[in-house]
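> Sharing a sequence plus its predicted fold:
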Amino acid sequence: MYIAHVRPLRSLAPALAVAWLLVSCSAEQPAATPPARPVVTVVTVQPEPVPVTAELPGRTLPYLVAEVRPQVTGIIKKRLFTEGSEVKADQVLYQIDPAPYQAAYDSAEANLARAKANLEAARLKAARYAELVAVEAVSKQENDDAQAALKQAAAEVDAAQAALDKARLDLEYTRVRAPIGGIIGRSAVTPGALVTANQPEALATIQQLDPIYVDLTQSSAELLRLRRDLKAGRLERVENGTVPVKLVLEDGSEHPAEGRLAFSEVSVDQTTGTVTLRAVFPNPGGELLPGMYVRARLTHGVNRDAILVPHAAVARNPRGQAQVLVVDGEGKVEARIVRADRALGDKWVVTDGLATGDRVIVAGLQRVRPGDLVQAEEAGARQAQGREPTPEPVAVN
């Protein structure tokens, strides 16, 4: 009986030894370390002064426009300019046949000479009668008639002089001159054509293109917002009170010269709800032509507390809202909805959703999600250590 009880204990000894070895090995194994936090590159946002600009559509208009019309009737003898060329103010453009107007001038000149001769005779007679009436050699009635004849002769001289001046003007008007300097277009008539005084059809049109006007349209709501921001002090007016304007042409290039805002309409267009702004641009090379579609950038003021965020930091959520990932004080990632009004170079101007001191992730976005714990490194510190940040795909907004 004793031997029968010992055999089962001996059969369990190997199993107990294996279990003891497993327990001792597990006790000697060190505890598992927590996973390392992913490294992300952040930018700590700080307020910066940023010019507040608006990009407005517009059309170019000539600075001055003059339609050339004849002021006398006659036959065109010569055209004295080249179509499409530049003409000077007071330059002769057309020559109307002057023969009938020269004859009218000569006749008016002769009439004036006759009137002056009659005036001299009347003057002598009136002086003589004034002496005779004093000694009662002539009647008072005769003296009155002589004095009246003198005044009539003087009036006839004035009338003849006016007729001569009119004839001189008509003769001068046979030489049709340019009222302004500029680029002249095509001619509507050729030599031999009959033209009439003050006809509705223009002989040609002259446009002054240097400087040149650009008429811009801005919504009345945007204009009200800008005025309120300026009044509330959120924006500062630009220096000297002038509004500089940059022009972008139809092909995307920028006009080299800077313009200025000339004036703003005081009424709103009822059909479009817009206000017209007029800018003036120098155009010495004639690059800007009337009727061109352009876009103008106007600087309305300066926002001293603007927050700028790199393009790479801003993405769109499924609802289409702009958002950034921010690292809080505990190293946790937080998604933040922001309002990115406009782009300024390679950055967005954020007007809502961020505050001074927020740390925005600009690199490493693909490795983290909201709620993750991360290790944040400033972008400047990473570059100072000679390590380039991992490039991130730029979000298309």
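Sure thing, it's come through. Numbers count the residues shown, from 1 in each chain.
> Mind giving me the packing neighbours of the host helix or strand of residue 307?
Taking DSSP states H and E as the criterion, the element that holds residue 307 is strand 293-310. Helices and strands touching strand 293-310, by 3 or more C-beta pairs under 8 Å, 6 or more residues apart in numbering; DSSP states H and E, are strand 47-68, strand 204-219, helix 220-232, strand 236-237, strand 244-248, strand 274-281, strand 347-352. For every residue, glycine as well, the C-beta is placed using N, CA and C.
> tell me the contacts of the closest residue to residue 63 other than its chain neighbours?
Leaving aside its chain neighbours, residue 63 sits nearest to residue 208 (4.7 Å; criterion: C-beta to C-beta, 6 or more residues apart in numbering). When contacts are counted by C-beta atoms under 8 Å, 6 or more residues apart in numbering, residue 208 touches 62, 63, 64, 65, 180, 181, 182, 183.
> on that earlier part again, okay, the angle between the strand holding residue 307 and strand 347-352?
Here the directions of strand 293-310 and strand 347-352 differ by 70 degrees (axes from the mean of the first three to the mean of the last three C-alpha atoms, to 10 degrees).
> which residues sit in contact with residue 299?
51, 52, 53, 238, 243, 244, 245.
> I'd guessed the fifth one sits against residue 262; true?
So that's residue 243. No: Residue 243 is beyond contact range of residue 262, at 9.5 Å (criterion: C-beta atoms under 8 Å).
> of these two, who's got more company?
residue 243 (18 against 15; other C-beta atoms under 10 Å).
> The residue nearest to the more buried one when sequence neighbours are not counted is in what secondary structure piece?
Spatial nearest neighbour of residue 243, excluding adjacent residues (C-beta to C-beta, 6+ apart): residue 261 at 3.9 Å. Per DSSP H and E, residue 261 falls inside strand 259-264.
> In that strand, which residues are buried?
259, 261 (16 or more other C-beta atoms under 10 Å).
> what number of residues lie near residue 348?
Residue 348: 23 neighbours (other C-beta under 10 Å).
> Just give the nearest non-adjacent residue to it, would you?
residue 340 (4.0 Å).
> give the contact list for the nearest residue to residue 352 once chain neighbours are set aside.
The shortest distance from residue 352 to any non-neighbouring residue, by C-beta to C-beta, 6+ apart, is to residue 339 (3.9 Å). Residues counted as contacts of residue 339 (C-beta under 8 Å, 6+ apart) are 322, 350, 351, 352, 353.
> do the same with residue 347
308, 309, 310, 311.
> so which of the residues you listed would you say is closest to residue 329?
If you rank the contacts of residue 347 by distance to residue 329 using C-beta to C-beta, residue 309 comes first, at 19.4 Å.
> Tell me what that closest one is bridged to.
Residue 309 forms beta bridges with residue 348, as assigned by DSSP bridges.
> now it: how far from residue 207?
47 Å (C-beta to C-beta, to the nearest Å).
> Excluding sequence neighbours, find me the nearest residue to residue 281.
The nearest residue in space to residue 281 (C-beta to C-beta, 6+ apart) is residue 259, at 3.7 Å.
> Settle this for me: that neighbour is touching residue 243, isn't it.
No: counting by C-beta under 8 Å, residue 259 stays clear of residue 243, with 9.4 Å between them.
> what does the average pLDDT come to for stretch 282-295?
Averaging pLDDT along stretch 282-295 gives 91.
> Any idea how far apart the tips of that stretch sit?
16 Å (C-alpha to C-alpha, to the nearest Å).
> What is the distance between it and the centre of its chain?
Taking the mean of its C-alpha atoms, stretch 282-295 sits 12 Å from the chain's own mean (C-alpha atoms, centre = their mean, to the nearest Å).
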